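Chemist: sequence and predicted model, in that order:
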Amino acid sequence: MSEHEHLHIYDGEPLQEVKEKPGWREVTEGGIIVDAGNADLYHTGEWRTEKAIWIEKKCIQCMLCWMFCPDSAYLVADEKVVGIDYNRCKGCGVCAQECPVDAIAMKEET
Ligand code: SF4
Ligand code: SF4
């Protein structure tokens, strides 16, 4: 098994959907996420006021954006970045800060 086989493989279909939204009695106080490593279960893209734009022609495929994104938003196929899952990108800007070649721009949501 390759070391990348656990990555999201983008096949053009939406990634895993949240099965059912919790009611207000089940939501944690302040909406905080209490378990580590469960970003896949949340559509954190709904929080966004800015979004990351991946500029393919500048990208050197270093994978730093995938490593740093706290919400598993980078889509990967054949061990390369192929896009961003906007259900997950919350617009934090970490990827744009870490990209060594300015291949990610932050754009205000309209
Ligand atoms: S802006 Fe934040 S959440 Fe969105 S893709 Fe970049 S690191 Fe991930
Ligand atoms: S950090 Fe920048 S150069 Fe590296 S894979 Fe991501 S977009 Fe491409």
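Modeler: Received, thanks. Residues are numbered from 1 along each chain as shown. Ligands and ions are numbered 1, 2, ... in the order given.

Chemist: only C-alpha atoms from now on, for both contacts and neighbour counts.
Modeler: OK.

Chemist: the protein: helices as residue ranges?
Modeler: With DSSP state H as the criterion, the chain has helices at 64-68, 94-98.

Chemist: low-confidence ranges, the protein, go.
Modeler: Residue ranges of the chain with pLDDT under 70: 1-21, 39.

Chemist: for it, what lies in contact range of ligand 1?
Modeler: By CA under 6 Å from any ligand atom, the part of the chain that sits against ligand 1 consists of 51-52, 69-71, 73, 89-95.

Chemist: can you list the helices of the chain in JSON lines and add distance to residue 110 and mean neighbour count?
Modeler: Output for the helices of the chain, formatted as JSON lines (distance: least, CA to CA, whole Å; neighbours: other CA atoms under 10 Å):
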{"stretch": "helix 64-68", "distance to residue 110": "24", "mean neighbour count": "17"}
{"stretch": "helix 94-98", "distance to residue 110": "19", "mean neighbour count": "19"}
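
Chemist: separate out the buried members of the residues of the chain next to ligand 1.
Modeler: Buried members of the residues of the chain next to ligand 1, counted by 16 or more other CA atoms under 10 Å: 51-52, 69-71, 73, 89-93, 95.

Chemist: okay, and which of these map to strands?
Modeler: 51-52 (DSSP state E).
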